[in-house]
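Student: below are the sequence and a predicted model; questions follow.
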Amino acid sequence: DAGITQSPRHKVTETGTPVTLRCHQTENHRYMYWYRQDPGHGLRLIHYSYGVKDTDKGEVSDGYSVSRSKTEDFLLTLESATSSQTSVYFCAISEPKGAYEQFFGPGTRLTVL
Amino acid sequence: AQKITQTQPGMFVQEKEAVTLDCTYDTSDQSYGLFWYKQPSSGEMIFLIYQGSYDEQNATEGRYSLNFQKARKSANLVISASQLGDSAMYFCAMREVNTGNQFYFGTGTSLTVIP
């Protein structure tokens, strides 16, 4: 299994509070991704990174920011959480060779009350 | 427009039978990759199989095969000899080169294997 961890695994927070989710990898993969998974929508890309300090927006980036100061860590921040951001968040990594297949972390369940 | 379309929200299959899960995609790229992932009820995402746009032969991985029909833009997953452990959500995904190697996922198909 790819070495990907996410923290926290579960979080309940209140509307308007800032939240940071962390993805940590031990595989030295260049690409890292943040997705959210909601019923009926599959996985939707929030932001991704193609190297340290190199990030780009995905299709549902509004309300989210990211940072990647080290190869192994990719942080997702909700500056002011809203109830519409209640979701399961997955981190993924891939290496730009061959299939580029993505390997996923275990997910973080976030509930915004 | 949806990049990946999975039209079967739910499917049932008898144990030991084969099942096909449908996936169509939309891209103007010449270079892209197609993937299938499995998500059991425990929640993890498991990579199953990959097909490159230039691959002429259909990909196979054990009991999984990908029926790639480029002209029809379809990438159906075939699971042979279904097992009870195959009950899960299945997601089709595409990686597009011209969008910075972003991945696009379908909404998934829930497969239930009946004993």
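Tutor: Perfect, I can see it now.

Student: can you list the low-confidence ranges for chain B?
Tutor: For chain B, the stretches flagged by pLDDT under 70 are B:1.

Student: residues from it in reach of chain A?
Tutor: Within reach of chain A by CB under 8 Å from any CB of the partner chain, chain B has these residues: B:4, B:6, B:33, B:35, B:37, B:43-45, B:47, B:50, B:52, B:91, B:93, B:95, B:100-108. All C-beta spots, glycine's among them, are computed from the backbone N, C-alpha and C.

Student: quick check on those residues: which are buried?
Tutor: With burial judged by 16 or more other CB atoms under 10 Å in any protein chain shown, the buried subset of the residues of chain B next to chain A is B:4, B:6, B:33, B:35, B:37, B:45, B:47, B:50, B:52, B:91, B:93, B:95, B:101-108.

Student: quick one: which of those residues sit in strands?
Tutor: Among those, DSSP state E puts B:4, B:33, B:35, B:37, B:47, B:50, B:52, B:91, B:93, B:95, B:102-105 in strands.

Student: can you redo those as CSV with distance to B:A59?
Tutor: Listed next are these as CSV, based on distance: CB to CB, whole Å:
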residue, distance to B:A59
B:I4, 17
B:G33, 10
B:F35, 10
B:Y37, 14
B:F47, 12
B:Y50, 6
B:G52, 8
B:F91, 16
B:A93, 14
B:R95, 14
B:Q102, 21
B:F103, 17
B:Y104, 19
B:F105, 18
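
Student: closest one of these to A:R68?
Tutor: B:Q102 (16.2 Å; CB to CB).

Student: which residues touch the closest one?
Tutor: Residues near B:Q102 by CB atoms under 8 Å, 6 or more residues apart in numbering or on different chains: A:45, A:48, A:58, B:95-96.

Student: okay if I get those residues as a markdown table plus distance to B:P115?
Tutor: Putting these into a markdown table (distance: CB to CB, whole Å) gives the following:
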| residue | distance to B:P115 |
| --- | --- |
| A:L45 | 37 |
| A:Y48 | 41 |
| A:G58 | 40 |
| B:R95 | 36 |
| B:E96 | 40 |
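
Student: nearest to A:T26, of those?
Tutor: A:Y48 (19.1 Å).

Student: how about the closest one, secondary structure?
Tutor: Of the three states, A:Y48 takes strand under DSSP: H, G, I helix; E, B strand; the rest coil.

Student: quick check: it touching A:D56?
Tutor: Yes: when contacts are counted by CB atoms under 8 Å, A:Y48 is listed as touching A:D56 (5.9 Å).
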